Structures are given as structure tokens and as C-alpha cells.
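Engineer: return atomic coordinates for the entry below.
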Amino acid sequence: MNPVDALNEIAFRLEYDRAPQFKVQAFRRASAAIAAFSPDELAARAADGRLKATKGIGASTFEVIQEALAGDVPARVEKLRVAATSPLTAAGEALKTKIRGDLHTHSEWSDGTTPIELMVDAALTLGREYIALTDHSPNLTVAHGLTAERLNEQLDVVERLSRASTSSGLRLLTGIEVDILDDGSLDQTPELLDRLDVVVASVHSKLRADKGTMTKRMLGAVTEPHTNILGHCTGRLIEGSRGTRPPSEFDAQRVFDACAANDVAVEINARPERTDPPDELIALALEAGCLFSIDSDAHAPGQQGLLDYGIERAAQLGVPASRIVTTWPVEKLLEWSRASR
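Structural biologist: All right, here's what the predicted structure looks like:
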């Protein structure tokens with residue numbers, strides 16, 4: 001097994017298992033440290049002790065590299081493969097076969113952990129036909145949100161990567177997770193939003209505002225012509241390293257009616273710590289006639305695999321595949337996402 005592939009697979013599987021980031025990053029750093037070496041040079045460095053002294057290589061990662069160089073599948077890889085679990089039932093597996101893409105992912109340009117290239121590689125590994133890169137907007141300074149200038153720079157990078165990835169069978173879409181500001185407007189210039197394939201609008205601040213204020217704010221975003229997806233609508237956290245957070249209060253009937261009227265998809269956020277919206281709100285959105293987008297909200301390559309949790313919820317709650325925009329071919333998806341601009 002190629003040592004770089006072995007290290008990356010371990011990092012990927014640890015991310016899916018939601019392991020602490022310091023463990024994941026140890027394997028990603030080691031992969032980056034050896035990526036430029038030819039197989040012969042890597043073997044020579046491992047044999048004469050230079051590899052052990054290389055920055056980014058620790059005892060665990062050195063062991064993985066040695067086992068891979070010997071032609072074996074490293075024990076750590078085997079162990080993680082055997083221990084791998086899936087939340088999918090038969091109904092979830094059936095729906096998964098219809099899922100083509102993921103419209104909510106992050107890179108190191110904002111608060112993701114890796115370069116865009118690694119997110120693309122993971123999407124290819126998972127068999128995605130398309131993913132949207134949706135880093136944060138400038139208002140979310142804690143997440144290093146993209147100013148207009150930085151977003152312009154990223155669009156150039158994405159255009160270059162998209163040309164390369166398309167030949168591999170993946171379409172990399174331009175996008176943003178844009179903050180819904182206090183007055184319901186979106187946190188980026190209309191000119192830039194016009195250029196994007198996908199706009200996910202989410203509330204990240206003042207989540208404990210009163211019901212009337214939050215409803216007005218969300219309605220402003222849903223009726224904004226650039227909005228395609230209403231992201232993690234309650235903002236709740238039910239587990240995880242960030243602790244827990246109660247859902248925001250808003251008039252869900254009015255908001256979902258507006259989503260249906262404006263062809264805005266309600267996101268089924270697959271992150272287990274979010275599981276957002278709650279089941280009863282998905283049922284309400286279904287009744288209102290909403291579209292849905294099952295998204296990973298991945299901040300690391302392996303987290304794209306967490307899409308399975310959202311797929312299983314959608315299957316169990318009876319969301320028809322035809323109303324899930326991420327089951328659509330990319331041409332139909334883009335026709336929908338650009339229709340109101």
C-alpha cells in the first residue's frame with residue numbers, strides 16, 4: 001500500500017469517527033511530509049534513520065510508513081476498516097444510491113482543516129458527482145470568513161481545480177455559506193453572489209433572539225433571490241466538543257411556507273452534533289412542500305462521509321428523493337440554483 005495513501009486513509013477514517021483533530025492532523029502532517037519523496041528515496045530515508053528525524057513524522061506514523069513500504073496494509077488501516085460502522089438501514093442504503101452531491105463543505109480558506117484539493121479528493125473517493133465549496137462569509141470572523149477580495153481569489157482557485165476535477169468525474173461548484181445578518185440581508189455583495197453556483201444562508205449569531213425577531217430575520221434571507229438553501233435552521237447542538245445549544249425559536253410554519261414559495265431548499269444537516277432540523281420540523285417542511293438538501297457541512301475530508309447520517313434521517317422520515325436537490329443531476333441542480341438571479 002502506498003504510504004501516502006495509508007496515512008490519508010487513516011486520517012479520513014478518524015475524521016469520520018469524529019476523533020480529536022490532533023490525532024487526525026498527526027497523520028495528515030506525516031502524509032504532507034513524505035508526499036514529495038519517490039518510493040526509493042522514502043525507503044532509503046526510512047532505512048538510514050533520516051525519516052524518523054523528519055519534522056511531522058512520529059512513532060505511530062513512522063510505523064505505518066514502514067509497514068506500507070514493506071508491501072503490507074498497515075495494521076492501523078486494517079483495524080479502522082474492521083471497526084468501521086454505518087448508520088444506514090436498508091431504506092437509507094436505497095436512498096444513498098440516488099445521492100449525487102453535497103452542497104455544504106468547508107476548506108482551510110475559512111474554518112475547515114485542509115486545502116480544497118483534499119476535499120475534492122475525498123469527494124471523488126466517496127463517489128460524489130459534485131460538491132459545492134461553501135466557506136464562510138466575512139461577518140463570521142471567528143471562522144476566518146472570506147472578504148469579497150478573498151472570495152474573488154478563491155473563485156480563481158476553484159475554477160482551476162474544477163477544470164482538473166471534471167476530467168475525473170467530479171464537478172466542483174462555487175459557493176458560500178453566507179451569514180444571515182440581523183436585518184435578514186446576506187453577508188456578501190450581490191455582485192459576488194451572482195457569480196456563485198450555490199448559496200447556503202445560515203444564522204450564526206444572536207441565536208437566542210426572540211421568536212419574532214428571528215422569524216423576520218430568516219424570512220428576509222429566504223426571500224432574498226440569491227438564497228438557495230436555508231442552512232442548519234435551528235442552530236442547535238446536541239452533542240460534541242462544543243457542548244450543547246438549544247434550538248433557536250422562530251415561526252417554522254411561516255419560514256417553511258416561504259421556503260416553498262421561493263424554491264429554497266431546507267437543509268438536512270448531517271453532522272451528528274447538529275442533527276438539524278429536528279424530526280418534527282422536517283415533517284413540517286415536508287407538509288409545507290419544501291425542497292431539501294442533505295449536506296455534510298464537512299470541515300475535513302473524512303467528514304464528508306457523515307452525509308450518511310442525514311441520508312438515513314431523510315429515509316426514515318419519508319422525504320421523497322425527488323424533493324432532495326442533491327439527488328438531481330448537476331445540470332438540473334444549476335438550473336434550479338440560478339433560476340431566481
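
Engineer: quick check: closest non-adjacent residue to Leu219.
Structural biologist: Nearest non-adjacent residue to Leu219, counting by CB to CB, 6 or more residues apart in numbering: Ala258, 5.4 Å away. Placement of C-beta: from N, CA and C, glycine included.

Engineer: that neighbour: what secondary structure?
Structural biologist: State at Ala258, reduced to three classes by DSSP: H, G, I helix; E, B strand; the rest coil: helix.

Engineer: quick one: contacts for it?
Structural biologist: Contact analysis of Ala258 by CB atoms under 8 Å, 6 or more residues apart in numbering lists Leu219, Val222, Thr223, Val264.

Engineer: ok, the residue nearest to the second one when sequence neighbours are not counted to Gly184 distance?
Structural biologist: The shortest distance from Val222 to any residue other than its chain neighbours is 4.5 Å, reached at Ala258 (CB to CB, 6+ apart). Per CB to CB, to the nearest Å, Ala258 is found 11 Å from Gly184.

Engineer: residues in contact with Asp263?
Structural biologist: Leu291, Trp336, Ala339, Ser340.

Engineer: can you list the domains in this structure?
Structural biologist: 3-83, 90-337 (automatic domain parsing).

Engineer: how near is His204 to Leu230?
Structural biologist: Counting by CB to CB, the separation of His204 from Leu230 is 13 Å.

Engineer: do a quick rundown of the helices in the stretch 201-341 of the chain.
Structural biologist: For the stretch 201-341 of the chain, the helices defined by DSSP state H, counting those that start in this stretch occupy 211-222, 252-261, 279-288, 307-316, 330-337.

Engineer: make TSV out of these and add distance to Ala300.
Structural biologist: Listed next are the helices of the stretch 201-341 of the chain as TSV, based on distance: least, CB to CB, whole Å:
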stretch	distance to Ala300
helix 211-222	27
helix 252-261	29
helix 279-288	26
helix 307-316	13
helix 330-337	24
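
Engineer: now for those, which one comes closest to Val157?
Structural biologist: For those, proximity to Val157 was assessed by CB to CB; helix 330-337 is nearest, at 19.8 Å.

Engineer: where exactly do the helices run in the stretch 1-150 of the chain?
Structural biologist: Along the stretch 1-150 of the chain, the stretches classed as helices by DSSP H, counting those that start in this stretch are 3-16, 21-34, 39-48, 59-69, 75-83, 90-96, 116-125, 148-166.

Engineer: got the contact list for the fourth one?
Structural biologist: If I follow you right, that is helix 59-69. Contacts to helix 59-69, defined as CB under 8 Å, 6+ apart, come from residues 1-3, 5-7, 10, 26-27, 30, 34, 39, 42-43, 46, 51-52, 57, 73-77.
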